[in-house]
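> Sequence first, then the predicted structure, then my questions.
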Amino acid sequence: MSWLSVAGFVVLFVGLLISIAMHEIGHLVPAKLFNVRVTQYMVGFGPTMWSRRRGETEFGLKWIPLGGYIRMIGMLPPRPWDDPTKLRSISTGPWQGLIENARAVASEEIQPGDDSRVFYRKPWWQKVIIMVGGPAMNFVLAFLLFAVVMMGFGVQVVKPTVSSVSKCVIAATEADSRECGPTDPLTPAAKAGLRPGDRITSVAGTPVATWEEATRLIRTHGAGAAALGVDRSGKAITLNVDLIAQDMPALDDPEKIEKNVGFLGVRPTAVIEKQGPGYVVGQMWDLTKRTAASMVNIPKKMVGVWNAAFSGEKRDPNGPIGIVGAGRIGGEIAAAEIPLQNKIVVFINLLAGLNLAVGMFNLIPLLPLDGGHIAGGLWEGVKRAFARLRRRPMPGYVDVARALPLTYVIAGLLVAMGGLLIYADLVNPVRISG
């Protein structure tokens, strides 16, 4: 392993730890704002590596860098038979906080005057804001990182300007396997005299501003004559092309083939352009939808990880990876023979995508994830709203502790999933190159 690979691993690993720390700050800030007493803010799990106390909160690092947590007193309401002055506490960390604190009464953390500072006594909307804060911080980080790439470095944009003209018609299934032969027919573009540098301005009388618009119009036109508006060196001309029908990869899903669509025979020009905030918002929304949809397939994806880890199957490049796998990908990026700017862009995009995935995963409405506590807070709000409408006594606090049996199962599955990912990342990692 080269020093570049090691450096890339370290850079991405540190980036993930910073993301974890920011996630917990997303919980810490609103908790402090709403006067919940927070006794610990930790990055990592296990034995403490370093810590410092600031006021009533201990800030520190732990030796196992696989997550983080803040410890808030009174996250679970007391049981009916408990002493009401003694509260159980739990952390936002997905495993250690649950196992360490949910079973026992943390009476030593309760101080005189803390009755109004326990988590469970806060209004439901404050509970939701505190728990949403972590995933929200991940979304903010993802947006800012994507904005750095899209607005600062730019993204590849395909223009309706001809980069090259295909000389002959070759089936899509053979396009990468052979060159034009003497008996292959000329493409409509070659027959019509299209040249590199020509900018397509209209198709069959319909103006176009993007390559996608031009492509869709050409494909939906099908075989037959069509007038092609072209800007050639600043001069507007019209070329009459005789489009033909051809099987081509689908625009929305390259794995599928569209049958008998209109075919011209040119390649577009790709350029790097800096984008505005609106573009970032649109891309972020699209990525968020795709990430949310992929969460549904996590069980199926983990079966693939298991097969790859123990039977040697090739890892799915779009499947889940752990923190070790992400670090290895960082090493590959750093060692790749590409320009430094391209490496930086890939690093930032990867870290942004990981933040987006972490944020979405934590919103799954199951304990011990943040989404389980969010669901509890929302349910409490619904119950109290109905009680007001019906003019009935206010219901008690929602006791998420009732879900602890399921929580233990989920926590065990999360630990197993994390262990499997680490093992698979070591023995059969996802690779960005061949």
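Thanks, I have it. Numbering: from 1, shown residues only.

> Could you check how many residues crowd around residue 59?
18 (other CB atoms under 10 Å). To be clear about C-beta, it is placed using only N, CA and C from the backbone, and glycine gets the same treatment.

> which residue sits closest to it, ignoring its sequence neighbours?
Distance criterion CB to CB, 6 or more residues apart in numbering; nearest residue to residue 59, sequence neighbours excluded, is residue 41 at 4.9 Å.

> Repeat that for residue 374.
residue 131 (4.8 Å).

> so after the strand or helix carrying that neighbour, what's the next helix or strand?
Assigned by DSSP states H and E, residue 131 belongs to helix 124-147. Per DSSP H and E, the first helix or strand lying C-terminal to helix 124-147 is strand 155-165.

> sorry, back to before: so who does the residue nearest to residue 374 touch?
27, 92, 370, 373-374, 377 (CB atoms under 8 Å, 6 or more residues apart in numbering).

> Take the residues you listed and write them to TSV, including secondary structure.
TSV is the format used below for these (DSSP: H, G, I helix; E, B strand; the rest coil):
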residue	secondary structure
27	helix
92	coil
370	helix
373	helix
374	helix
377	helix
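
> Could you identify which of those has the most neighbours?
Per-residue neighbour counts (other CB under 10 Å) across these peak at residue 92, which has 30 neighbours.

> contacting residues around the nearest residue to residue 53 once chain neighbours are set aside?
What sits nearest to residue 53 in space, not counting adjacent residues and going by CB to CB, 6+ apart, is residue 59, at 7.5 Å. Counting by CB under 8 Å, 6+ apart, residue 59 makes contact with 40-42, 51-53.

> nearest to residue 200, of these?
Nearest to residue 200 among these: residue 41, at 57.0 Å, using CB to CB.

> hey, C-alpha coordinates of the helix or strand that closest one falls within in PDB?
Per DSSP H and E: residue 41 is located in strand 38-54. Presented in PDB, the C-alpha positions along strand 38-54 are these (Å, rounded to 0.1, in the frame of the first residue of the first chain):
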ATOM      1  CA  VAL A  38     -26.400  16.900  28.900                       C
ATOM      2  CA  THR A  39     -23.800  15.100  30.900                       C
ATOM      3  CA  GLN A  40     -21.700  13.700  28.000                       C
ATOM      4  CA  TYR A  41     -20.800  14.400  24.400                       C
ATOM      5  CA  MET A  42     -18.600  11.600  23.000                       C
ATOM      6  CA  VAL A  43     -17.300  10.700  19.600                       C
ATOM      7  CA  GLY A  44     -16.700   6.900  19.500                       C
ATOM      8  CA  PHE A  45     -17.600   4.100  21.900                       C
ATOM      9  CA  GLY A  46     -15.800   2.100  24.500                       C
ATOM     10  CA  PRO A  47     -13.000   3.300  26.900                       C
ATOM     11  CA  THR A  48     -12.400   7.000  26.900                       C
ATOM     12  CA  MET A  49      -9.200   8.200  25.100                       C
ATOM     13  CA  TRP A  50      -9.500  11.800  26.100                       C
ATOM     14  CA  SER A  51     -12.000  14.100  27.700                       C
ATOM     15  CA  ARG A  52     -12.500  17.600  29.200                       C
ATOM     16  CA  ARG A  53     -15.400  18.900  31.200                       C
ATOM     17  CA  ARG A  54     -17.000  22.200  30.200                       C
END
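
> Just list what it packs against, helices and strands only.
Judged by 3 or more CB pairs under 8 Å, 6 or more residues apart in numbering; DSSP states H and E, strand 38-54 is in contact with helix 3-33, strand 57-76.

> Check which residues of it are buried.
Buried residues in strand 38-54, counted by 16 or more other CB atoms under 10 Å: 38-45.

> excluding its backbone neighbours, what's nearest residue 318?
Take residue 318 and drop its neighbours on the chain: the residue closest to it by CB to CB, 6+ apart is residue 294, 7.9 Å away.

> Show me the helices in the stretch 151-300 of the chain, by range?
188-192, 211-221, 277-295, 298-311 (DSSP state H, counting those that start in this stretch).

> May I have the last one exported as CSV, CA atoms only?
The C-alpha atoms that make up helix 298-311 are tabulated as CSV, following Å, rounded to 0.1, in the frame of the first residue of the first chain:
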residue,chain,number,x,y,z
ILE,A,298,-31.0,-2.8,2.8
PRO,A,299,-31.9,-6.4,3.9
LYS,A,300,-31.5,-7.6,0.3
LYS,A,301,-28.2,-5.7,0.0
MET,A,302,-26.9,-7.2,3.2
VAL,A,303,-27.5,-10.7,1.8
GLY,A,304,-25.3,-9.7,-1.1
VAL,A,305,-22.6,-8.5,1.4
TRP,A,306,-22.8,-11.8,3.2
ASN,A,307,-22.4,-13.8,0.0
ALA,A,308,-19.4,-11.6,-1.0
ALA,A,309,-17.8,-12.0,2.4
PHE,A,310,-18.1,-15.8,2.7
SER,A,311,-18.5,-17.1,-0.9
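
> Can you list the buried residues in that helix?
For helix 298-311, the neighbour count (16+ other CB under 10 Å) marks 301-302, 304-305, 307-309 as buried.

> Now do it: everything it contacts.
So helix 298-311 is in contact with 294, 313-316, 319-320, 417, 420-421, 423-424, 427-428, going by CB under 8 Å, 6+ apart.

> Among those, which one has the most neighbours?
Neighbour-wise, the contacts of helix 298-311 (other CB under 10 Å) top out at residue 424, 26 neighbours.

> Does that residue lie in a helix or a strand, and which?
Per DSSP H and E: helix 404-427 holds residue 424.

> now that helix and helix 298-311, what's the angle there?
Angle, helix 404-427 to helix 298-311, by axes from the mean of the first three to the mean of the last three CA atoms, to 10 degrees: 40 degrees.

> C-alpha coordinates for helix 404-427, PDB please?
Extracted in PDB, the C-alpha atoms of helix 404-427 (Å, rounded to 0.1, in the frame of the first residue of the first chain):
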ATOM      1  CA  LEU A 404     -37.100  -2.000  24.400                       C
ATOM      2  CA  PRO A 405     -37.600  -5.700  23.500                       C
ATOM      3  CA  LEU A 406     -37.700  -4.800  19.900                       C
ATOM      4  CA  THR A 407     -35.000  -2.200  20.500                       C
ATOM      5  CA  TYR A 408     -32.600  -4.900  21.700                       C
ATOM      6  CA  VAL A 409     -33.300  -7.000  18.600                       C
ATOM      7  CA  ILE A 410     -32.700  -4.000  16.300                       C
ATOM      8  CA  ALA A 411     -29.600  -3.000  18.200                       C
ATOM      9  CA  GLY A 412     -28.200  -6.600  17.900                       C
ATOM     10  CA  LEU A 413     -29.000  -6.500  14.200                       C
ATOM     11  CA  LEU A 414     -27.200  -3.200  13.800                       C
ATOM     12  CA  VAL A 415     -24.100  -4.500  15.600                       C
ATOM     13  CA  ALA A 416     -24.200  -7.700  13.400                       C
ATOM     14  CA  MET A 417     -24.600  -5.600  10.300                       C
ATOM     15  CA  GLY A 418     -21.700  -3.300  11.300                       C
ATOM     16  CA  GLY A 419     -19.500  -6.300  12.000                       C
ATOM     17  CA  LEU A 420     -20.400  -8.000   8.700                       C
ATOM     18  CA  LEU A 421     -19.600  -4.800   6.800                       C
ATOM     19  CA  ILE A 422     -16.200  -4.400   8.500                       C
ATOM     20  CA  TYR A 423     -15.400  -8.100   7.800                       C
ATOM     21  CA  ALA A 424     -16.500  -7.800   4.100                       C
ATOM     22  CA  ASP A 425     -14.600  -4.500   3.700                       C
ATOM     23  CA  LEU A 426     -11.400  -6.300   4.900                       C
ATOM     24  CA  VAL A 427     -11.700  -9.600   2.900                       C
END
